[in-house]
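Trainee: Can you look at this prediction? I've put the sequence above it.
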Amino acid sequence: KDSETLPGRGYVLNTELTECLDIEGKEIENIKLDSNGENITITGRYTSYCTVYYYLPENREYDYTGDYQVFIAPKEGNYKIELWGASGGDFLPYYGGRGAYTKGTIELEKNDKLYLFVGSDGSDRYAGGYNGGGISDTFQYRYGAFGGGATDIRLDISSTGNWDDFDSLKSRIMVAAGGGGANNRNDCDKTSIYGAGNGGYGGALIGGDGQSVDYLERDGILSYGAHAYGTGGTQTNGGIRIVLDSNKELIEGDYSYATGYFGFCSNIGVQSGAGNGYYCGGSSHHGGGGGGSSYISGYTGCVAISEESTEDNVQPKDGCTDGTQEITCSYHFSNKVFTSTEMKSGNEEMPTHNGNGNMTGNTGNGYAKITFIE
């Protein structure tokens, strides 16, 4: 089978039906079959010949794997999809923002394919969260943590399956945002006066802003840049970096290097990485990174991009702006639309992965569930 129909890519190994025989044609008992990603390992005491069976499950759950995963609809019907974005990295005593939650029901035909990219958290100090979590540059990573990756559903992937291919990002029909990374520069440079703060939560329509706290003072005066943070992404723009002076007045300057974009974050010359989402949050010095924004095709307030958008010119649908209450503005150009939608930011109560309770925001890696309804 091709790479999209192996275990982990849509089909699942059926260990009950799979049968292994020895060289004399006798069934081998107590043989172990293990489905691990794209590889099947069969271990036993004898040389064996096996007939391997796969099946398409109606319901699937997806952890972070560091690669795309595929759901293939086993039959026509309505499917509930739930996504959780990843949280940003901690830099104690400050914490990364928690991930967002999105839910909706979509009608699928038999053999329709959905591609899932499940984000990882920003806890790895040398790599941002998978699926776009913002990172620090090679010098600044010791001052700030990295952003959490988004978790999303796509209709298309690039030939390589890379998460950051523009045509692949353009095909997203649901996105649960990741949270921004925390900052604690003072912990690394105790002789100077710098800012610090928590990362912004992965947002619903708008990502949470990172925090900046009054950590140290000299002669009662805050140093330049002690108040700086990344803002959250929105439905039409990425977050930006905000810098305030000792009187908390806005300092004008070119901070474009810290601006978030459609589906990916800026990683140049920053300390705290932003959370990725539909649009990424703003990265930051001296404060927490901003959280990304979420998106659902069919959720009021969301703004889909135009089909004509290019990597260098991403535009919203005609006549649609942040704050819209026109639901058709949210409809993806593919006409794949969710109903019974729900969206929760990382500072709100949302279902746990197993559905047996509630939690405030998603902590750790992202997660995804697809459940057949009828």
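Mentor: Happy to help now that I have it.
Trainee: can you pull out the helices in this protein?
Mentor: Ranges of helices in the chain, per DSSP state H, are 166-170, 185-188.
Trainee: Which of the ones you listed comes out lowest on mean pLDDT?
Mentor: Here the lowest mean pLDDT among those goes to helix 185-188, at a mean of 59.
Trainee: what sits against Asp112?
Mentor: Ile72, Ala73 (C-beta atoms under 8 Å, 6 or more residues apart in numbering). (Glycine included, C-beta is placed from N, CA and C.)
Trainee: repeat that with 10 Å
Mentor: Phe71, Ile72, Ala73, Glu76, Tyr79, Ile106, Leu155, Lys336 (C-beta atoms under 10 Å, 6 or more residues apart in numbering).
Trainee: Next up, the contacts around the closest residue to Asp121 other than its chain neighbours.
Mentor: With sequence-adjacent residues excluded and distances taken as C-beta to C-beta, 6 or more residues apart in numbering, Asp121 is closest to Ala86, at 4.5 Å. Contacts for Ala86 (C-beta under 10 Å, 6+ apart) come out as 64, 96, 98-100, 118-123, 129-133, 147-151, 176-179, 202, 275-276, 346, 362-367.
Trainee: ok, 7 Å please
Mentor: Taking C-beta atoms under 7 Å, 6 or more residues apart in numbering as the criterion, Ala86 is in contact with Gly99, Gly119, Ser120, Asp121, Gly129, Gly133, Gly148, Gly149, Thr151, Gly178, Asn365, Gly366.
Trainee: how close does it sit to Gly148?
Mentor: For Ala86, the distance to Gly148 (C-beta to C-beta, to the nearest Å) stands at 4 Å.
Trainee: hey, what's in contact with both of the two?
Mentor: Counting by C-beta under 7 Å, 6+ apart, the residues touching both Ala86 and Gly148 are Gly99, Gly119, Asp121, Gly129, Gly133, Gly178.
Trainee: Just put those residues in a markdown table and tack on pLDDT, distance to Glu29 and neighbour count.
Mentor: Output for these, formatted as a markdown table (pLDDT from 0 to 100; distance: C-beta to C-beta, whole Å; neighbours: other C-beta atoms under 10 Å):
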| residue | pLDDT | distance to Glu29 | neighbour count |
| --- | --- | --- | --- |
| Gly99 | 98 | 45 | 40 |
| Gly119 | 96 | 42 | 39 |
| Asp121 | 94 | 43 | 33 |
| Gly129 | 83 | 44 | 36 |
| Gly133 | 86 | 47 | 39 |
| Gly178 | 97 | 47 | 53 |
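Trainee: I'd like to check what contacts stretch 248-267. Which residues are they?
Mentor: Under the criterion C-beta under 7 Å, 6+ apart, residues 132, 134-135, 137, 147, 164, 169, 227, 230, 233, 238-241, 243-245, 268-270, 273-274, 276, 279-284, 314 lie in contact with stretch 248-267.
Trainee: One more pass at 6 Å, please.
Mentor: Applying C-beta atoms under 6 Å, 6 or more residues apart in numbering, the contact partners of stretch 248-267 are 132, 134-135, 164, 169, 227, 233, 238-241, 243, 245, 268-270, 274, 276, 279-283, 314.
Trainee: among these, which ones are buried?
Mentor: Among the contacts of stretch 248-267, the ones that count as buried by 16 or more other C-beta atoms under 10 Å are 132, 134-135, 169, 227, 233, 238-241, 243, 270, 274, 276, 279-283, 314.
Trainee: What about those, which are in strands?
Mentor: Residues of the buried ones among the contacts of stretch 248-267 located in strands (DSSP state E): His227, Arg241, Val243.
Trainee: For the shared contacts of Ala86 and Gly148, which two are the farthest from each other?
Mentor: Between any two of the shared contacts of Ala86 and Gly148, the greatest separation by C-beta to C-beta is 10.3 Å, found for Gly99 and Gly133.
Trainee: what residues are shared contacts of the two?
Mentor: Common contact partners of Gly99 and Gly133 (C-beta under 6 Å, 6+ apart): Gly148, Gly178.
Trainee: Would you mind measuring from the spatially closest residue to Phe71 that is not a sequence neighbour to Gly85?
Mentor: Distances taken as C-beta to C-beta, 6+ apart put Leu114 closest to Phe71, at 4.6 Å, once the chain neighbours are dropped. The gap separating Leu114 from Gly85 is 17 Å, by C-beta to C-beta.
Trainee: which one of the two has more residues nearby?
Mentor: Taking other C-beta atoms under 10 Å, Leu114 and Gly85 do not tie; Gly85 has more neighbours (44 against 23).
Trainee: give the contact list for the more buried one.
Mentor: Gly85 makes contact with Gly99, Ala100, Gly119, Ala150, Thr151, Ala176, Ala177, Gly178, Gly202, Gly366, according to C-beta under 6 Å, 6+ apart.
Trainee: Looking at those, state which has the most neighbours.
Mentor: With neighbours taken as other C-beta under 10 Å, the top of those is Gly178, carrying 53 neighbours.
Trainee: show me the contacts for that one.
Mentor: Residues near Gly178 by C-beta under 6 Å, 6+ apart: 85-86, 99, 119, 129, 133, 148-150, 202, 275-276, 292.
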